[in-house]
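Asker: sequence first, then the predicted structure:
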Amino acid sequence: MPALWIAHVTVTDEAAYKKYAAIATEAIAEHGGTFIARGGRYVQLEGKERPRNVVARFPSVEAAENCYWSERYQAALDFARGASERELLIVETVE
């Protein structure tokens, strides 16, 4: 089953976060991920507001997890740590 990688982010250091995003984009693509939402307009209805919201579709939960734990994505995270506050989850779709 396909899965969605959903991130809610508050960026605190734009320059460092851009470095994260460049490497993370490559890692996500290498694991079959495609972006379906990346920033853009949103409406916060409940919970903690995060101004950057990203959704990527992966072929499976396992593919998304493999991406997260990959060497390339972990290298990207080195730039995100200290440059953002974030929540990230993977959820299987019902398709």
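Answerer: Looks like it arrived, so ask away.
Asker: pLDDT score for residue 39?
Answerer: Here, the pLDDT recorded for residue 39 equals 87.
Asker: could you check the distance from residue 80 over to residue 59?
Answerer: According to Cβ to Cβ, to the nearest Å, residue 80 and residue 59 sit 24 Å apart. Yep, even glycine has a C-beta here, placed from its N, CA and C like the rest.
Asker: of those two, which one has the most company?
Answerer: Comparing residue 80 with residue 59 by other Cβ atoms under 10 Å, the one with more neighbours is residue 80, at 23 against 14.
Asker: surely the more buried one and residue 18 touch.
Answerer: No: applying Cβ atoms under 8 Å, one finds residue 80 not in contact with residue 18, separated by 10.5 Å.
Asker: which stretch of helix or strand covers residue 64?
Answerer: Here residue 64, judged by DSSP states H and E, is contained in helix 61-69.
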